[in-house]
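Q: prediction below, plus the sequence it came from.
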Amino acid sequence: MPRANGHARLSRIVDADGRHFPSRLGYDAGEPNGRRRSVTGPLLSEDKHLPPGKRKDAVANARDLHRNYEIVAWAVRKHLDYVSSFRFQSRTGIDDLNEQIEALMKTWGRKSQCDVARRHGLARMIRLAEARAVVDGDVGLMKLKTGQLQAIEGDRIRNPYDLPASLARKDLVHGVKVDKAGGALAYCVCRRGDFGGFQFERMVPAGNLLLHAYFDRFDQVRGIGRLTPALNRFRDTYESFDYALAKAKVAQLFGLVTNRDEEEAIGPVSETDESEEAAAEGSQKKFEIDLGRGPFHLDLATGEDAKFLENRTPPTEFQAFMQAIIAVAIKCLDLPFSFFDESFTNFYGSRAGLIQYVKSCKTKREALQELLNLITVWRLALWILDGTLVLPAGTEFRDLAWEWVPDGVPWWKPSEEIKGHLLGIRAGLTSPQRVCMESNTDFFENVDQLAAAYAYAESKGVPLSFDQPSQPAAAKAKPKRDEDEDDDDDDED
């Protein structure tokens, strides 16, 4: 039995050859060794791991890549396409009330009424808010007395240098005043200066600012962008592309190098003297080579040499390695590599990647749905208070119900998928509403539009049917009897 004498407990393990080796009882991850970098230090909150200075650098790096690097911009846009699109559906059970609420939300969602800056409608504001959360870490939507929203980008919530004396800097965590439990009480909103600085503007109560952020820890106050883990990989590929292109350009300027013993040149070579004084002194002539005019000829003297520029660039190994790095980097947004390179896999591989990715979008959509629900509660309350929305008798605010339905994914093979959905509905495994939601349509709207189509066709005397034409039954052919059998029958008769 192993003994503990103040040191780490050791046990004995035996390999296949009967040799004994000591083994620590514990986790190898907690035992540093020289084979890899040792990560030691105090265990801090996520906000301490990214203090204001480093947070500013990380956000600046992410914004620069999103602004200038095509792959990062594409990855963010593809993420937004699957996560940030929703349709509002009122579910009160009262048709007239549903139509009224949906009409109010549609009208208010226009940029002239929703955004205090009158630049973005509600749908675009949600998309931009998700983009800022992915790149910057978080963003705030401030509710105004006018019934409009004002977007507050994450870097405007901070600890300014000109913080009022009434506010203690120690009570602010990255511009957020928190209570003892870590809950947000107010946000310190600053205005941008002329030269990149910030000045204190006001403290906004937490109830008036909706913070959309990405969190990984319970004690985290500010969000951290989803691009942050991949910033170094993206930066490496971004710079490597520039270096590879520069090398490819130089490689196109290939030339023929010749060495000779004779004074006469093999072909025409341009030459020039540095100056008349140099020529008078008998100095050696200098040759000018214009690298910007395509192929050139170097005529070198005896003993001189030059290397032929390699033109096979970039090599296939470099291309494969870059693809591997990009595949790893876009995993920060859970994107499958088949999205980046459509020829990477076959149909079934692409379909499997899509299914896995849509599954990963669920929690991200739920965060935006929660944000939209808070906005909806606020707007409905304002409409009821100012008399714009009058509830039917016996209906209270708590009776109101709605749903922000995320956009679905179009069918890949409609004929096969529709048959599968029909079988699932008949077996009770799904419902028409869920199938329509997954295919980016609304079941109730479809039924209403079908009813209108039938009524219109009937009013015009046009028969309208969407039933699948049945296959004609195979005619049963009468078996042909042999003439001998017929003759036998006649004889019996």
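A: Arrived safely. Numbering: from 1, shown residues only.

Q: going forward, measure contacts between C-alpha atoms and count neighbours the same way
A: Will do.

Q: A helix includes residue 345, no?
A: No - counting by DSSP: H, G, I helix; E, B strand; the rest coil, residue 345 is not part of a helix but coil.

Q: settle this for me: it is touching residue 338, isn't it.
A: Yes - under the criterion of C-alpha atoms under 8 Å, residue 345 is in contact with residue 338, at a separation of 6.5 Å.

Q: the more surrounded of those two?
A: Neighbours were counted for residue 345 and for residue 338 using other C-alpha atoms under 10 Å; residue 338 has more, 18 against 13.

Q: mind telling me what element the more buried one is part of?
A: Per DSSP states H and E, residue 338 falls inside helix 337-340.

Q: and the next helix or strand past that helix?
A: Per DSSP H and E, the first helix or strand lying C-terminal to helix 337-340 is helix 347-385.

Q: counting contacts, what elements does the helix or strand following that following helix pack onto?
A: Scanning forward in sequence from helix 347-385 by DSSP H and E, the next helix or strand is strand 402-406. Contacting strand 402-406 under the criterion 3 or more C-alpha pairs under 8 Å, 6 or more residues apart in numbering; DSSP states H and E are the following elements: strand 86-90, helix 347-385.

Q: I'd like the next helix or strand past the shortest one.
A: Translated: strand 86-90. Heading C-terminal from strand 86-90 (DSSP H and E), you reach helix 95-108.

Q: can you give the contact residues for that following helix?
A: Helix 95-108 has contacts (C-alpha atoms under 8 Å, 6 or more residues apart in numbering) with 88-92, 113-114, 389, 391-392.

Q: buried residues, that helix. List them.
A: Under the neighbour-count criterion of 16 or more other C-alpha atoms under 10 Å, helix 95-108 has 97-98, 101-102, 104-105, 108 buried.

Q: and if you look at stretch 211-222?
A: Residues of stretch 211-222 classed as buried: 211-215, 220-222 (neighbour count, 16+ other C-alpha under 10 Å).

Q: thinking again about what came up before, could I get the average pLDDT for the helix holding residue 338?
A: The average of the pLDDT scores along helix 337-340 is 93.

Q: run the chain-centre distance for that helix.
A: Distance of helix 337-340 from its chain centroid, counting by C-alpha atoms, centre = their mean, to the nearest Å, is 12 Å.

Q: then stretch 90-104?
A: Taking C-alpha atoms, centre = their mean, one finds the center of stretch 90-104 at 33 Å from the center of the full chain.

Q: alpha carbons of stretch 396-403, as CSV, please.
A: Extracted C-alpha coordinates of stretch 396-403, given in CSV (Å, rounded to 0.1, in the frame of the first residue of the first chain):
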residue,chain,number,x,y,z
GLU,A,396,-55.2,41.7,-18.9
PHE,A,397,-51.5,42.4,-19.7
ARG,A,398,-50.5,39.0,-18.4
ASP,A,399,-52.8,37.4,-20.9
LEU,A,400,-50.8,38.7,-23.8
ALA,A,401,-48.6,36.2,-25.6
TRP,A,402,-46.3,36.4,-28.5
GLU,A,403,-43.3,34.6,-30.1
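
Q: residues in contact with it?
A: Contacts to stretch 396-403, defined as C-alpha under 8 Å, 6+ apart, come from residues 88-92.

Q: which one of the contacts of helix 95-108 sits closest to residue 353?
A: residue 88 (28.4 Å; C-alpha to C-alpha).

Q: now for the helix or strand containing residue 212, which elements pack on it?
A: Counting by DSSP H and E, the element that carries residue 212 is strand 209-213. The elements that strand 209-213 packs onto, with contact taken as 3+ C-alpha pairs under 8 Å, 6+ apart, are helix 122-135, strand 138-143, helix 347-385.

Q: that older thread, counting by contacts, list what the helix holding residue 338 packs against.
A: In terms of contacts (3+ C-alpha pairs under 8 Å, 6+ apart), helix 337-340 is not packed against any helix or strand.

Q: buried ones in that helix, by neighbour count?
A: Neighbour-count burial for helix 337-340, with 16+ other C-alpha under 10 Å as criterion, is recorded at 337-340.

Q: about what we covered before: quick one: closest of the helices and strands packed on strand 209-213 to residue 328.
A: Ranking those by distance to residue 328, with C-alpha to C-alpha as the measure, places helix 347-385 first at 14.6 Å.

Q: for the record, mean pLDDT for stretch 210-225?
A: Averaged across stretch 210-225, pLDDT comes to 94.

Q: kindly format the C-alpha coordinates of that stretch as CSV.
A: Extracted C-alpha coordinates of stretch 210-225, given in CSV (Å, rounded to 0.1, in the frame of the first residue of the first chain):
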residue,chain,number,x,y,z
LEU,A,210,-30.6,46.1,-22.1
LEU,A,211,-27.1,44.6,-22.3
HIS,A,212,-26.7,41.9,-24.9
ALA,A,213,-23.4,40.1,-24.2
TYR,A,214,-21.7,36.7,-24.4
PHE,A,215,-20.8,35.2,-21.0
ASP,A,216,-18.7,32.2,-20.1
ARG,A,217,-18.6,32.6,-16.3
PHE,A,218,-21.1,33.2,-13.6
ASP,A,219,-19.1,36.0,-12.0
GLN,A,220,-18.6,37.8,-15.3
VAL,A,221,-19.9,41.4,-15.5
ARG,A,222,-18.9,42.3,-19.1
GLY,A,223,-19.1,40.1,-22.2
ILE,A,224,-16.2,38.9,-24.2
GLY,A,225,-16.5,38.6,-28.0
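
Q: since that was my last question, I'll sign off now.
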